[in-house]
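Peer 1: My questions are about this predicted structure, shown below with the sequence.
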Amino acid sequence: MLLPIVLLANYVLLRNLLISKKQTYVLAKTIRPSLWLLVSFGYIYTVHLLFLIPILWFVILGVLIMAGYCVVIWQDIAPEPNVVIENSLALILVFLGLSFASLLIAFWHWPVAVVLFLVWLFTFFVAITWLLDFSNTPQLLASLWALMCVELFWIMSRWINLYHVPKTNLLISQAALTIAALAYGFGGIYYHYKKHSLRNALIIEYISVTAVIFIALILLSKWAIVV
């Protein structure tokens, strides 16, 4: 019941803010703020149950989530969204969403098949909202990206590794870090290619950063331990 209510509320809000835009555009823009609310609060609630976060910190995190929601809405209605903020929001969503997906398996014991389906939907919609403003084939690219994410997540769901964020009770899964690293590399290269600003130095930078993070996560993981 919660998902339709959140989607409807965001659609009504954006329909009133984006009066001049087509309905299909408004519907696409409705997805990201809805995902932000559902994933963020689902993640924080699960971490709260795991570590019994004091209610004060739970409220503070809730305020931060709503502040992030306002930033998402602001970006969606801006004529020219800030590129750095746009990319940062996409990566944060990947971190939260895929960490939450790992917790659905490790803590809530959801069937892996169900979680994989949700991961495909989640990564597809995050990708399509990011691609919408500068890609001619956002549906195709988002579908291919989502398929790759599901394949990686399925492999890593056999050995779920969760990392503590230092000095907090927050958790980030290995799958989230790995897929976010790939999103940074592939997304950065594709963005600069579409903007006609791609150079060899940028390609080397994106591939190097992605490769270092990816290899480090694979080699340093305790594959024998199942969470």
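Peer 2: Nice, I can see it.
Peer 1: Would you enumerate the residues in contact with the most centrally placed residue in the chain?
Peer 2: Note on the chain: the residue nearest the mean C-alpha position is residue 94, at 2.1 Å, using C-alpha atoms, centre = their mean. Contacts of residue 94 were listed using C-beta atoms under 8 Å, 6 or more residues apart in numbering, and they are 123, 126, 176, 179-180, 183. C-betas here are computed from N, CA, C, even on glycine.
Peer 1: Show me the residues you listed that map onto helices.
Peer 2: Using DSSP state H, the subset of the contacts of residue 94 located in helices is 123, 126, 176, 179-180, 183.
Peer 1: Kindly present those residues as TSV, with separate columns for neighbour count.
Peer 2: Supplementary listing: the ones in helices among the contacts of residue 94 in TSV, determined by neighbours: other C-beta atoms under 10 Å:
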residue	neighbour count
123	27
126	27
176	24
179	26
180	22
183	23
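Peer 1: ok, then the element right after the lengthiest helix in the chain?
Peer 2: For the chain, the longest helix by residue count, based on DSSP H, is helix 23-51. Sequence order places helix 55-77 as the next helix or strand after helix 23-51, per DSSP states H and E.
Peer 1: Which strands or helices does that next one pack on?
Peer 2: Packing contacts for helix 55-77, counted by 3 or more C-beta pairs under 8 Å, 6 or more residues apart in numbering; DSSP states H and E, involve helix 2-17, helix 23-51, helix 83-106.
Peer 1: Can you give me the buried ones in that helix?
Peer 2: Of the residues in helix 55-77, those scored as buried under the neighbour-count criterion (16 or more other C-beta atoms under 10 Å) are 61, 65, 68-69, 71-73, 75-76.
Peer 1: Tell me which two of the residues you listed sit farthest apart.
Peer 2: For the buried residues of helix 55-77, the maximum inter-member distance is 22.6 Å, found between 61 and 76 (C-beta to C-beta).
Peer 1: Check what pLDDT residue 1 gets.
Peer 2: Each residue has a pLDDT score; the one for residue 1 is 52.
Peer 1: And residue 58, by the same measure?
Peer 2: Residue 58 carries a pLDDT value of 85.
Peer 1: Show me the shaky parts of this structure.
Peer 2: 1-3, 17, 20, 221-227 (pLDDT under 70).
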